[in-house]
Structure formats: structure tokens, C-alpha cells
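Asks: I need the structure of the sequence given here:
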Amino acid sequence: MLAVPGELIGQISRHVEEAYPEEGAGFLIGVEGEVRQILSLPNAREYEARHNRFLFTPEDYLKAELEADRLGLSLIGVFHSHPDCPNIPSEYDREWAQPFFSYVITRVDAGKAVNHRSWRLVEDRSKYEEEEIKIL
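Replies: A predicted model of the protein is given here:
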């Protein structure tokens, strides 16, 4: 289970709605199983691919690690959106995922965030398992 305060779900929704029709993304910061902060980031993917792909730069990752350290927390996952398509992980998502992170994917239909689902990659990287999101 992944616990996320309602305020942070709202921040994720706003970020991915603003990014629409492109994918929006960012990092989840907290402690195992509990998000305490998010870090919304611009999509660094080339313009032509932003509608169905996101990219973090090495500098983005460093910024997130430093912010987590500053807060005395850890990077525990990633959030991103799937504009106008189901919020289930794609094969591309699986190839780039890490087994110890939670992946919150928000479905955005016509510019409006409609629901959030969270996934974890199994240790052998063969598939995802959905994890419950508990909104605090």
C-alpha cells in the first residue's frame, strides 16, 4: 500500500493537467510506503515524443536526491501521466523502472486527471503488481 496525502494527490493532478496533452512527471519523496512530498519536474523528452514519454535528466535526479536528503527522507517513487489512455504501465515504463520504487500513473482525459493507480515492479523485473493507494 502507498499512503498519499490528499493535498499531494491534488498537486500531482494539477501538474499533469498543466502538462496535458504531454506526459507530466515528477518524483515521490517520503519513507517506505508513505509519500510526504512530491517534486514536479518538466518533461525533458524531445518535443515530438512528450505526448507518450517522459524523461528526467541526470540533473533532475540529483535535484530530487538532494531535496529528499534535505528533508531527511528518501526517493520512493515516480509519478507520471498517461494522456487519454489507460493508466497501466507500458512495456517502455517497465524497461525503465526500478523494483524498489512505487510508480503512480495518472490517467488524464481531455486535460482532466480522472484517476491515479500505483504499481511496483517485481524484483525479477518481469511484471508490475498494482499496489493500493490510500489517500490520507
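
Asks: and the pLDDT at residue 94?
Replies: Per-residue confidence (pLDDT) for residue 94: 84.

Asks: can you name the residues that contact it?
Replies: 121, 125, 127, 128 (Cβ atoms under 8 Å, 6 or more residues apart in numbering). For the C-beta atoms, the positions are set from N, CA and C on the backbone; glycine is no exception.

Asks: quickly find the element holding it.
Replies: For residue 94, the host element (DSSP states H and E) is helix 91-96.

Asks: tell me which residues in that helix are buried?
Replies: For helix 91-96, the neighbour count (16 or more other Cβ atoms under 10 Å) marks residue 93 as buried.

Asks: what's the answer for stretch 9-24, then?
Replies: Quick answer for stretch 9-24 (16+ other Cβ under 10 Å): 9, 11, 12, 13, 15, 16, 17, 19, 20, 22, 23, 24.

Asks: what does stretch 54-65 give?
Replies: For stretch 54-65, by 16+ other Cβ under 10 Å, it's 54, 55, 56, 60, 64.

Asks: settle this for me: the third one is touching residue 25, isn't it.
Replies: Going back to what we said before, that points to residue 56. Yes: when contacts are counted by Cβ atoms under 8 Å, residue 56 is listed as touching residue 25 (7.0 Å).
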